[in-house]
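J.: pasting the sequence and the predicted model now:
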Amino acid sequence: MLRSAPWKDCGCLGEVLPEMMPEITQDVSKDRTMYRAHLWRPGIFRCSVTGLVFVVNSAAIVTYRYATWNSHLSEADQEMWVPAGPLFHIQVQHGTVQAVELPHFMCLAGDVDVSLCSIAHFRSGKMTLEKPEKVTAFSAALRNPDFSLLGVVWRKLRSTLNSIPIHSLVLIFHQLRAADTTLHLYLIPDDKSVKQAIEQQENNWNSKLIPKPPPFNRLFFGCTYRVTCTNYVVIMPEEHFPFCYKSPKEQQLFVEIYIQNMTEEVGLSVIDTRDDTVVWRASLRSGDMALPDCVSNALSGAAFMKKHKTKICSRMMQVSTILLHLRDANVINSDEEEEVNRQDTRQRKNKVLLQLVEKKGVEAQDQLYQVLRKKDPYLISDLERSTI
């Protein structure tokens, strides 16, 4: 299935490539998520979850997961190199992958020296650097790769230390059980591994993501940004925070925004403290904070599914219809749909489906929750009332 190319206001455009959904499993003992891609023919495939691109000359099975830079990039190397994308641990039969494209979050618009880009390859605890065959707007390509730990890095220059342009995201979460309106605002590089780690942490805190657009100006590593508001709110621990890269396993920086009375529209801005330029702005309205069926202490979709898993498993109806909606939304693939349908009872089908979606993470669980709200509203309403 073809997807539209990524785009940014800076003008960076990505290629349109066929996307595939990997199998997702949880290694509970090691607290990590594993991805397995079944590439059924020669060709080019982009992972819809991680952004990795594989060019294969035959059918292949590729297994991969996120790793953390701070566990592998030494302090001495960190003086010279800055992570420019996720670090991956990749395993595949030797010789089947002709090329791999590793995602990065550097903004290449304007006069950016791509010769500063390298691919870090870790073997036996030692880092070697490889020059990519090409560097595009959102990835760096390596031909005939040897696999282990791979990721894109950018060389630091003293003259450009505070001028490394980054594609970035602003994430806002509403804490559903906190006093009045309490928000967490994150300013991060556009790194799927970091975003996933934040979503999992906020889900554990029972928070709801409030979708907002990314910054409309480029952000820069090493610079400090300030959060401002059009109305009186309390911002803690302080309005200023540095923009930097932190590995997914580290606690990410955020500001907490407390709004006592969310009756009026609140305007938020992020400002570059070097020249007071506004790099991002968005409006928050009471509707952004609206909870399902106006239940003041309702759970987020993923948290709701986790809390009521046993009851949903025993009571969920219309499994075939639900599977169809999930497949159309690319939450599951046809093989996974078939796996569920092979079960001989409704409860077994429900159990396999819930396990499958749970392994795929927060977004997949939210998708299933939304499908259930449409297809089995009486079940969801009954379970929501029991949450009060």
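T.: The structure has been received and is ready for your questions.

J.: pull stretch 104-113 out as PDB, backbone CA atoms only.
T.: As requested, the backbone C-alpha atoms of stretch 104-113 are provided in PDB (Å, rounded to 0.1, in the frame of the first residue of the first chain):
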ATOM      1  CA  HIS A 104      17.100  10.600  10.800                       C
ATOM      2  CA  PHE A 105      15.600  13.800  12.100                       C
ATOM      3  CA  MET A 106      18.100  16.400  10.700                       C
ATOM      4  CA  CYS A 107      16.600  19.100   8.600                       C
ATOM      5  CA  LEU A 108      18.500  19.400   5.300                       C
ATOM      6  CA  ALA A 109      16.700  22.500   3.900                       C
ATOM      7  CA  GLY A 110      19.100  25.200   3.100                       C
ATOM      8  CA  ASP A 111      22.900  25.100   3.200                       C
ATOM      9  CA  VAL A 112      23.400  21.900   5.400                       C
ATOM     10  CA  ASP A 113      26.700  20.000   5.000                       C
END
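
J.: got the buried residues for it?
T.: By neighbour count on 16 or more other Cβ atoms under 10 Å, the buried set for stretch 104-113 is 104-108, 112. For glycine as for every other residue, the C-beta is placed from the backbone atoms N, C-alpha and C.

J.: pull the residues that contact the host helix or strand of Leu185.
T.: Leu185 belongs to strand 181-189 when elements are defined using DSSP states H and E. Outside of strand 181-189, the residues within contact range by Cβ atoms under 8 Å, 6 or more residues apart in numbering are 105, 166-175, 194-195, 198, 202, 207, 210, 219, 225, 227, 241, 243, 245, 252-260, 262, 268, 270, 284, 289.

J.: now these: which count as buried?
T.: Neighbour-count burial (16+ other Cβ under 10 Å) is assigned, among the contacts of strand 181-189, to 105, 166-175, 194-195, 198, 202, 207, 219, 225, 227, 241, 243, 245, 252, 254-255, 257, 259, 262, 268, 270, 284, 289.

J.: among these, which lie within strands?
T.: 166, 168-175, 207, 219, 225, 227, 241, 255, 257, 259, 268, 270, 284 (DSSP state E).

J.: the stretch 201-350 of the chain: strands as residue ranges?
T.: In the stretch 201-350 of the chain, the strands defined using DSSP state E, counting those that start in this stretch lie at 207-210, 219-221, 224-229, 234-236, 240-242, 255-259, 266-272, 277-284.

J.: could those strands go into CSV alongside distance to Arg65?
T.: Formatted as CSV, these follow (distance: least, Cβ to Cβ, whole Å):
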stretch, distance to Arg65
strand 207-210, 23
strand 219-221, 25
strand 224-229, 31
strand 234-236, 35
strand 240-242, 29
strand 255-259, 30
strand 266-272, 32
strand 277-284, 31
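
J.: let me know which of those is the nearest to Met21.
T.: Closest to Met21 of those, according to Cβ to Cβ: strand 207-210, at 20.7 Å.

J.: any idea of the mean pLDDT in that closest one?
T.: The average pLDDT within strand 207-210 is 88.

J.: partner strands of it, parallel or antiparallel?
T.: Sheet pairing of strand 207-210 (DSSP bridges) gives strand 168-175 (antiparallel).

J.: what's across from the spatially closest residue to Ile257 that is not a sequence neighbour in the sheet?
T.: Excluding the flanking residues, the one nearest Ile257 by Cβ to Cβ, 6 or more residues apart in numbering is Leu183, at 4.2 Å. Using DSSP bridges, the bridge partners assigned to Leu183 are His174, Ile257.

J.: tally of neighbours for Leu183?
T.: Leu183: 25 surrounding residues under other Cβ atoms under 10 Å.

J.: same question for the one 10 residues further on.
T.: By the other Cβ under 10 Å criterion, the neighbourhood of Ser193 contains 24 residues.

J.: what are the boundaries of the helices in the protein?
T.: 75-78, 192-204, 301-307, 309-315, 319-328, 334-341, 346-359, 362-375, 377-387 (DSSP state H).

J.: winner for burial among those helices?
T.: Mean neighbour count (mean count of other Cβ atoms under 10 Å) peaks for helix 301-307 among the helices of the chain, with a mean of 21.

J.: what's near enough to touch Thr228?
T.: Counting by Cβ under 8 Å, 6+ apart, Thr228 touches 239, 268-271.

J.: at 6 Å instead, please
T.: Ser269 (Cβ atoms under 6 Å, 6 or more residues apart in numbering).

J.: that one and Leu169, how far apart?
T.: 19 Å (Cβ to Cβ, to the nearest Å).

J.: most distant residue from the centre of this protein?
T.: Using Cα atoms, centre = their mean, the residue of the chain lying farthest from its centre is Asp344. It sits 35.2 Å away.
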